[in-house]
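Undergrad: Quick one, what's the 3D model for this:
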Amino acid sequence: MLPYDAELELFRDNFKRYMKEHIAPHYDQWEREGIMPRSIWNSLGENGFLCIDLPEEYGGYGVPTHYSLMLVEESARAGYGALSTAISCHSEIAAPYILNIGSEAQKQYWLPKMVTGEVVGAIGMTEPGAGSDVQAMRTTAILNGEHYVLNGSKTFISNGQHADLVVLAVKTDPQARAKGVSLLLADTHLEGFKKGTNLEKIGLHSQDTSELFFDNVQIPKDQLLGQAGQGFNYLMQELPRERTSIAATALGAIRGAIDITTAYIKERQAFGQPIANFQNTRFVMAQAKIDELATAAFYERNVSLYQHGQLDVETAAALKSFSTDMQMKVADNLLQLFGGYGYMAEYPISRFFVDARIQRIYGGTNEIMKEIVARGILGKV
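TA: Okay, the predicted model is just below:
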């Protein structure tokens, strides 16, 4: 368990106040419009809620990682799954790649801008037809003099519409498989870099998700992240944090669903009494709480391991699978207590339900997570 931290709780309260003032009045409208305004990133940055665990020399606070993950968790708990995912992609996924792998010049150039919200970060791995199979990607970046010439496409890219920077997985050696994968820092404003339409999803409506297209985009060779041909190893190195962040969203959403259902069942009357008095309701709520406690214990253990440099790929995969399965289960079971109202979009429990479904897919499907865990036990056949 992570120890009690008074400064963390004060920071949590500040973030809750921020969401009440800047997010709550507008979130329903953003969901209807299918996108948050670009200005929300500047607002988050100005209020100190982006990339906060980065070292101070790059604009961060240098706080422990669980401070940053708290923002992901609390935005999900408030019912703002799209915001949770957006912050996660920016602060928990894109920024750590640059911090842990990038050159000093890359860090100095990109990270302070990500802290302020001047630059929105994303990661580009998934391609049409490749899905979770990173080695099967077809996007290429061929070195030609002082530039990599980028061609291909990516899909399902979170933060894709607003992104100014994409940590892009590409093939710099198209003839190789894993050893041909490299990472590039791609400025989305370069000529030939095109964003497709904002994709319409069944959940996370206001979280922009896009296809990206590359037509002879010239990326300076000094924007190679780390070493050429080491991209697959870098992905394996950084995915544990991404999957822990997905678990933070899952835990927050579980807690948020419990919060709103507890309030509803105390007020909703049936057969002359609150439905909270019925044994089935009480058992469903008890099981949701048990599931929350189990998820929290697993999550906090993983965060502690990560902060001590001890979180391995298998354990992170296990947490991602477990926590997101629990998120989906709890949202489904609690929605049932709302009856027909739970199926109405105006009731927040419906958003918890639809937002949960993607969690078992992105960051590596839960089926892939189980294969990773199995390989840790049995090896590769």
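Undergrad: For the helix or strand containing S75, enumerate the helices and strands it packs against.
TA: Using DSSP states H and E, S75 maps to helix 65-77. Using 3 or more Cβ pairs under 8 Å, 6 or more residues apart in numbering; DSSP states H and E, the elements in contact with helix 65-77 are helix 6-18, helix 81-87, helix 231-267, helix 279-307. Quick note: C-beta positions are derived from backbone N, CA and C, even for glycine.
Undergrad: E191: neighbouring residues, count only.
TA: 9 (other Cβ atoms under 10 Å).
Undergrad: helix/strand/coil for it?
TA: At E191, secondary structure determined by DSSP: H, G, I helix; E, B strand; the rest coil is coil.
Undergrad: now it: how far from K221?
TA: Look at E191 and K221: by Cβ to Cβ, to the nearest Å, they are 17 Å apart.
Undergrad: for the stretch 101-250 of the chain, what spans make up the strands?
TA: In the stretch 101-250 of the chain, strands defined by DSSP state E, counting those that start in this stretch lie at 121-124, 140-144, 147-158, 165-171, 181-187, 193-198, 209-220, 224-225, listed in chain order.
Undergrad: got those strands as a markdown table, with mean pLDDT, distance to T65 and mean neighbour count columns?
TA: Below are the strands of the stretch 101-250 of the chain laid out as a markdown table (pLDDT from 0 to 100; distance: least, Cβ to Cβ, whole Å; neighbours: other Cβ atoms under 10 Å):
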| stretch | mean pLDDT | distance to T65 | mean neighbour count |
| --- | --- | --- | --- |
| strand 121-124 | 97 | 17 | 27 |
| strand 140-144 | 97 | 31 | 17 |
| strand 147-158 | 97 | 20 | 21 |
| strand 165-171 | 97 | 18 | 26 |
| strand 181-187 | 97 | 21 | 24 |
| strand 193-198 | 97 | 30 | 16 |
| strand 209-220 | 98 | 25 | 19 |
| strand 224-225 | 98 | 20 | 23 |
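Undergrad: Nearest to L293, out of the ones you listed?
TA: Of all those, it is strand 147-158 that lies closest to L293, at 29.2 Å by Cβ to Cβ.
Undergrad: Would you give the sheet partners of the closest one, along with the direction of each?
TA: strand 140-144 (antiparallel), strand 209-220 (antiparallel) (DSSP bridges).
Undergrad: Pull out the buried positions in stretch 344-354.
TA: For stretch 344-354, a neighbour-count test (16 or more other Cβ atoms under 10 Å) marks Y347, P348, I349, S350, R351, F352, F353, V354 as buried.
Undergrad: Give me the distance between the fifth one and V284.
TA: Same thing as R351. According to Cβ to Cβ, R351 stands 19 Å off from V284.
Undergrad: Then the last one?
TA: Separation of V354 from V284 (Cβ to Cβ) stands at 20 Å.
Undergrad: and what of V63?
TA: Taking Cβ to Cβ, one finds V63 at 37 Å from V284.
Undergrad: So what are the sheet partners of the worst-scoring helix or strand of the chain on mean pLDDT and their directions?
TA: None of the helices or strands of the chain scores lower by mean pLDDT, DSSP states H and E than strand 269-270, at a mean of 92. Here strand 269-270 is paired, per DSSP bridges, with strand 273-274 (antiparallel).
Undergrad: distance between the strand it pairs with and the chain's centre?
TA: With Cα atoms, centre = their mean, to the nearest Å as the basis, strand 273-274 stands 39 Å off its chain's centre.
Undergrad: so where's this structure uncertain?
TA: Scanning the chain for pLDDT under 70 picks out 1, 130-133, 381.
Undergrad: most remote residue from it's center?
TA: Most distant from the centre of the chain: G272, at 43.5 Å, with distances by Cα atoms, centre = their mean.
Undergrad: What about the closest residue to P112 other than its chain neighbours, how many residues nearby?
TA: Nearest residue to P112 in three dimensions, chain neighbours excluded: G59, at 4.0 Å (Cβ to Cβ, 6 or more residues apart in numbering). Other residues within reach of G59, judged by other Cβ under 10 Å, total 18.
Undergrad: Good, wrapping up.
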